[in-house]
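[1] Okay, structure incoming, though there's no sequence with it:
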């Protein structure tokens with residue numbers, strides 16, 4: 001990936017993380033619903049980058065896919081159970 005693409009992703013990530021706590025506090029929805037919306041909106045925001053760099057996905061090894069799966073699983077568990085406290 002080019003440096004400009006990485007910088008764009010970094011800016012989007014910082015903005016989303018910065019705004020997420022505000023939206024969570026303003027919401028009365030259950031934590032699982034908030035998690036679903038956060039993950040869904042994150043996927044929508046990243047979709048254009050995926051479409052542009054879709055060839056890179058084929059170079060991801062099986063071990064890396066497994067690591068990505070477990071990282072996503074534990075992140076969703078953190079969101080689902082951590083927001084209830």
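    Here it is on my side, so go on. Predicted, not measured: the structure shown is a model, and the values here were computed from it.
[2] measure the closest residue in space to residue 68 that isn't next to it in sequence to residue 8 for me?
    Among residues not flanking residue 68 along the chain, residue 60 sits closest, at 7.7 Å (Cβ to Cβ, 6 or more residues apart in numbering). From N, CA and C alone the C-beta is placed, and that goes for glycine too. Distance from residue 60 to residue 8, counting by Cβ to Cβ, to the nearest Å: 21 Å.
[3] of the two, who's got more company?
    Per other Cβ atoms under 10 Å, whichever of residue 60 and residue 8 has more neighbours is residue 8, with 14 against 11.
[4] Relative to residue 31, how far out is that one?
    Residue 8 sits at a distance of 30 Å from residue 31 (criterion: Cβ to Cβ).
[5] The biggest helix by length in the chain - contacts with which helices or strands?
    Determined from DSSP state H, the single longest helix within the chain is helix 3-26. Here helix 3-26 touches helix 31-52, going by 3 or more Cβ pairs under 8 Å, 6 or more residues apart in numbering; DSSP states H and E.
[6] so how far is stretch 55-75 off the chain centroid?
    Relative to its chain's centre, stretch 55-75 lies at 13 Å (Cα atoms, centre = their mean, to the nearest Å).
[7] For it, which outside residues touch it?
    1, 50 (Cβ atoms under 8 Å, 6 or more residues apart in numbering).
[8] just stretch 38-46 next, same as before
    9, 12, 16, 20, 76, 79.
[9] again, only using 6 Å
    residue 12 (Cβ atoms under 6 Å, 6 or more residues apart in numbering).
[10] Off-centre distance for it?
    Using Cα atoms, centre = their mean, the offset of stretch 38-46 from its chain centre is 6 Å.
[11] Which residues belonging to it are considered buried?
    For stretch 38-46, a neighbour-count test (16 or more other Cβ atoms under 10 Å) marks residue 38 as buried.
[12] which SS state does residue 29 fall under?
    Following DSSP: H, G, I helix; E, B strand; the rest coil, the label given to residue 29 is coil.
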